[in-house]
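Participant: pasting a predicted model and its sequence here:
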Amino acid sequence: MCRHHHCAAGTELVLAGGMDHGARMRMAEHGLKVLAGVSAAAPQELVAD
């Protein structure tokens with residue numbers, strides 16, 4: 001069971017500008033998906049249709 005704050009908050013997807021393979025693997029171990037290469041913007045803009 002994951003005891004990290006992101007799991008308790010219901011996080012499923014991490015938006016990142018960049019992330020190395022090791023970090024991606026650690027995220028996956030906790031059931032998180034990673035979308036790397038995301039440009040900096042307000043969260044509302046990133047998730048808008």
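Facilitator: Sure, I can see it.

Participant: the helices in the chain, which residues?
Facilitator: 5-8, 21-29, 43-47 (DSSP state H).

Participant: in stretch 18-34, which residues are buried?
Facilitator: 19, 24, 27, 32, 34 (16 or more other Cβ atoms under 10 Å). C-beta here means a position set from N, CA and C on the backbone, and glycine is covered the same way.

Participant: return the per-residue confidence for H5.
Facilitator: At H5, the model reports a pLDDT of 62.

Participant: swap that for D20, sorry
Facilitator: So D20 comes in at 92 (pLDDT).

Participant: show me the contacts for it.
Facilitator: For D20, the contact set (Cβ atoms under 8 Å, 6 or more residues apart in numbering) is empty.

Participant: for the buried residues of stretch 18-34, which one is nearest G10?
Facilitator: L32 (11.1 Å; Cβ to Cβ).

Participant: give the contact list for the nearest residue to the closest one once chain neighbours are set aside.
Facilitator: In this structure, L32 finds its nearest non-sequential neighbour in V14, 5.4 Å apart by Cβ to Cβ, 6 or more residues apart in numbering. Neighbouring residues of V14 by Cβ under 8 Å, 6+ apart: 6, 27, 32-35.

Participant: about what we covered before: and the two most separated of the buried residues of stretch 18-34?
Facilitator: M19 and L32 (10.8 Å).

Participant: ok, back up a step: for the residue nearest to L32, name its beta-bridge partners.
Facilitator: Counting by DSSP bridges, V14 is bridged to V34.

Participant: dead centre of this protein: give me the residue that sits there.
Facilitator: By Cα atoms, centre = their mean, the chain has its centre lying nearest to V14, at 1.1 Å.

Participant: and the pLDDT at that one?
Facilitator: On the pLDDT scale, V14 gets 86.

Participant: same question, G17
Facilitator: The model's pLDDT for G17 equals 89.

Participant: for the closest residue to it other than its chain neighbours, give me its contacts.
Facilitator: Among residues not flanking G17 along the chain, V38 sits closest, at 6.1 Å (Cβ to Cβ, 6+ apart). Listed by Cβ under 8 Å, 6+ apart, the contact set of V38 reads 15-17, 46.
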